[in-house]
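Chemist: Show me the folded form of this:
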Amino acid sequence: MLNMKKIVLLAFFCLFFASVLADSITNLATNSPIYLDKKLIVSGSFDAPNVLCKFITTDLNGTPIFRATDEYTFSDNSFYSEIQTNDNLYKVNSDYNLSVSCGTANQTITFKVLNREPIFEKTATWWEFAFDKPNYLTIAIVGICIAIGLFFYEAWKKGVKLFGR
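Modeler: Numbering: from 1, shown residues only. Here you go, the predicted structure:
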């Protein structure tokens with residue numbers, strides 16, 4: 001009975017130390033969903049600095065699509081990579097897996113590729129900026145400067161017309 005307790009205790013300590021010493025990837029994040037022809041940004045943390053991390057995109061069936069440049073983790077144990085999404089490799093409105101491997105740890109995250117960014121979205125962003133409450137004063141000053149500039153331009157045109165050069 002004493003030997004059985006020793007074996008169970010030894011097995012428990014082995015499992016405990018294996019779980020404590022195991023490498024892990026945390027805070028894995030992307031800017032998904034991503035528009036086609038934009039960069040997919042991947043970031044996260046690993047347990048140690050200066051460890052080589054590999055970034056591989058696959059479809060949902062596991063077929064490899066693209067392997068990004070390997071990157072080392074920074075001194076604060078974080079990692080970062082960018083992957084260009086283009087229509088040669090990625091299809092619109094499709095989901096893909098991104099596998100990140102650092103040391104012996106591996107983690108997968110799913111991202112979605114959307115159609116190219118529509119023009120009206122950029123216009124909507126500028127519209128929201130122009131009419132956002134903190135920006136009223138800036139827009140008003142720029143508008144007044146443009147109005148004053150137009151006034152002086154018209155006055156100069158009339159002066160040239162009346163008096164000549």
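Chemist: which residues pair with residue 79 across the strands?
Modeler: Beta-bridge pairing for residue 79 (DSSP bridges): residue 44.
Chemist: what's near enough to touch it?
Modeler: 42-46, 53, 71-73, 100, 102 (Cβ atoms under 8 Å, 6 or more residues apart in numbering). Just so you know, the C-beta spots here come from the backbone N, C-alpha and C atoms, and that holds for glycine as well.
Chemist: can you rerun that using 7 Å?
Modeler: 43-44, 46, 53, 71, 73, 102 (Cβ atoms under 7 Å, 6 or more residues apart in numbering).
Chemist: what does residue 61 give?
Modeler: Counted by Cβ under 7 Å, 6+ apart, residue 61 has zero contacts.
Chemist: Wasn't it part of a strand?
Modeler: No - using DSSP: H, G, I helix; E, B strand; the rest coil, the assignment for residue 61 is coil, not a strand.
Chemist: confidence score at residue 142?
Modeler: The per-residue pLDDT reported for residue 142 equals 88.
Chemist: Now tabulate the contacts of residue 79 in CSV and tack on distance to residue 152.
Modeler: Conversion of these to CSV gives the following (distance: Cβ to Cβ, whole Å):
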residue, distance to residue 152
43, 51
44, 56
46, 61
53, 59
71, 55
73, 58
102, 62
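Chemist: from those, which single one is nearest residue 140?
Modeler: residue 43 (39.0 Å; Cβ to Cβ).
Chemist: quick one, strands of the chain?
Modeler: 25-30, 34-35, 39-46, 52-59, 64-67, 71-72, 78-84, 94-102, 105-114 (DSSP state E).
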